[in-house]
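*Asks:* The following block contains a protein sequence and its predicted model.
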Amino acid sequence: MDARMQINAESFYNKMRNAGYASDEISFFTMLKFYEDLKDNDKVELLIAKMIEENIPLSRHSFNIWLWSCQNQESLDKLFKQAQRETTCDSSLDLFSSIAIMYNELGQLEKAQDCLNEIESRITDEHYKFSYLANLCGKLRNKHELYRVWENYNSVFPKYSSDRYSSVIYYLFKMDDIEDAEKIYEEWLSQPDGSDSEDIIEELGNDDSDSNSNSNSKYDSDSDSDYGDVIDEPRNYKRNYLLYCYVNKGLFKEAETFFNQMIQVGIKPNPFMWENLALLHIQERRISKALSCLRKFFSARGKGWAYLPSPKTVRYILKICVEESDGASQKALYQIFEEARISKSGFVILKVTLPCLKNRFILLVSFAKDAKKKKSLHLNIDGGVVNGDYAQQKCS
């Protein structure tokens, strides 16, 4: 935008102001957005000052523009004080979180702590308070506050809860404090299995950032499946969570050591563990070992359950196969799914056309015979990029 257009816009706005039409927050926001696009932070602050002077409440949108136009700590301090006064501002928690993160980046840890205290005072639900503050402490890498929030929550709800432990372990991993995370894990492992263990398993199954589906889906199956019952080891969902954290953090040596120690003491891995180990090998581009883990994934399933690997796991393998022109591994992946058929109750089909042929389309279909539903994984390979996801469909 040239200078003439800016002058014309400002002149028109001033005429509206003088006529008494541009006196509400929406009119100010239009100009705030205008100056934000021009990256004119000084003009943003001047408009904000006018709004405060005329007692015009700031919406969350106006606060956000002001926040990202702050040029120094003095500007941020003014914003923080105004945000404390604006009790009507919606999404104030997210605003204070953003201010805390900016203070933290400026090295103003006490100011960041003030934001945490402000947030804590505004949340009345203790469950939500723990979840929100624990997440923010992870972003701020504030271990001391994470422990304090956790202890406060435990004092209000002393009953054992798995999701509390898993949250603290997850955020300690984000802070690179692996030693303390392992200590919390040992304490968690010593606790009896809680009723919320299935929630942790579901959380791991849904951890596919580029997928909207349940990556470890299960569907109805007849009782006459050839697979035996899954008798999962006690506390295996806890062990798998730690394994997941190792893999997610890229700590491959620690993950392999932990997995091997489980095997040595006679613990039988469940399908989730084998898939996490497969992801470890995928990140190291050890496709043959990843495929071996997928075979064991299917063998670890049992009667009444038909888990499928996460779509992202299959995509990652295929992507590497395409990049390395590894047709043999693609065929091996097809054979794994073909061999994993569930007799009588359903079947799994994986049709693979290798990249060397004209049709580069891959289709995975899995459905139970009497379930009236089927799950499809469509994977399109185009220029070495693999996309796809499980999708619910009714059988025709």
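*Replies:* Received it, and whenever you're ready, just let me know what you need. Note that the coordinates shown come from a computational prediction; the quantities given were computed from them, not determined experimentally.

*Asks:* pLDDT weak spots in the stretch 201-350 of the chain?
*Replies:* Scanning the stretch 201-350 of the chain for pLDDT under 70 picks out 201-234, 302-307, 341-350.

*Asks:* How many residues are close by Thr257?
*Replies:* Using other CB atoms under 10 Å, Thr257 has 12 other residues around it. The way it works is simple: take the backbone N, C-alpha and C, and place the C-beta from them, glycine included.

*Asks:* Wait, a helix at it?
*Replies:* Yes - the assignment for Thr257 is a helix, going by DSSP: H, G, I helix; E, B strand; the rest coil.

*Asks:* can you list the domains in the protein?
*Replies:* 3-150, 217-232+270-394 (automatic domain parsing).

*Asks:* Turn the ones you listed into TSV, including distance to Asn260 and mean neighbour count.
*Replies:* What follows is the domains of the chain, written out as TSV (distance: least, CB to CB, whole Å; neighbours: other CB atoms under 10 Å):
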stretch	distance to Asn260	mean neighbour count
domain 3-150	29	16
domain 217-232+270-394	10	17
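
*Asks:* What ranges does the stretch 1-150 of the chain have for its helices?
*Replies:* Here the stretch 1-150 of the chain has its helices, by DSSP state H, counting those that start in this stretch, at 3-18, 25-37, 41-53, 60-69, 73-85, 92-105, 109-122, 126-140, 143-156.

*Asks:* With respect to Gln191, which of the domains of the chain lies nearest?
*Replies:* Proximity to Gln191, assessed across the domains of the chain by CB to CB, is greatest for domain 3-150 (14.3 Å).

*Asks:* if we can go back for a sec, make CSV from the domains of the chain and add distance to Ile263 to it.
*Replies:* Output for those, formatted as CSV (distance: least, CB to CB, whole Å):
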stretch, distance to Ile263
domain 3-150, 31
domain 217-232+270-394, 10
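
*Asks:* quick one: which of these is nearest Asp177?
*Replies:* Between these, domain 3-150 lies closest to Asp177; by CB to CB that is 6.0 Å.

*Asks:* Span of stretch 31-44 from start to end?
*Replies:* One end of stretch 31-44 sits 8 Å from the other (CA to CA, to the nearest Å).

*Asks:* mind checking which of the helices of the stretch 1-150 of the chain is nearest Arg285?
*Replies:* Across the helices of the stretch 1-150 of the chain, Arg285 has its closest neighbour in helix 126-140 (29.5 Å, CB to CB).

*Asks:* what residue ranges in the stretch 51-200 of the chain score low on pLDDT?
*Replies:* 87-91, 160, 193-200.

*Asks:* at 50 instead, please
*Replies:* For the stretch 51-200 of the chain, the stretches with pLDDT under 50 are 195-200.

*Asks:* if we can go back for a sec, any chance of the helices of the stretch 1-150 of the chain in JSON lines, with distance to Tyr334 too?
*Replies:* Below are the helices of the stretch 1-150 of the chain laid out as JSON lines (distance: least, CB to CB, whole Å):
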{"stretch": "helix 3-18", "distance to Tyr334": "60"}
{"stretch": "helix 25-37", "distance to Tyr334": "52"}
{"stretch": "helix 41-53", "distance to Tyr334": "57"}
{"stretch": "helix 60-69", "distance to Tyr334": "50"}
{"stretch": "helix 73-85", "distance to Tyr334": "57"}
{"stretch": "helix 92-105", "distance to Tyr334": "46"}
{"stretch": "helix 109-122", "distance to Tyr334": "51"}
{"stretch": "helix 126-140", "distance to Tyr334": "40"}
{"stretch": "helix 143-156", "distance to Tyr334": "46"}
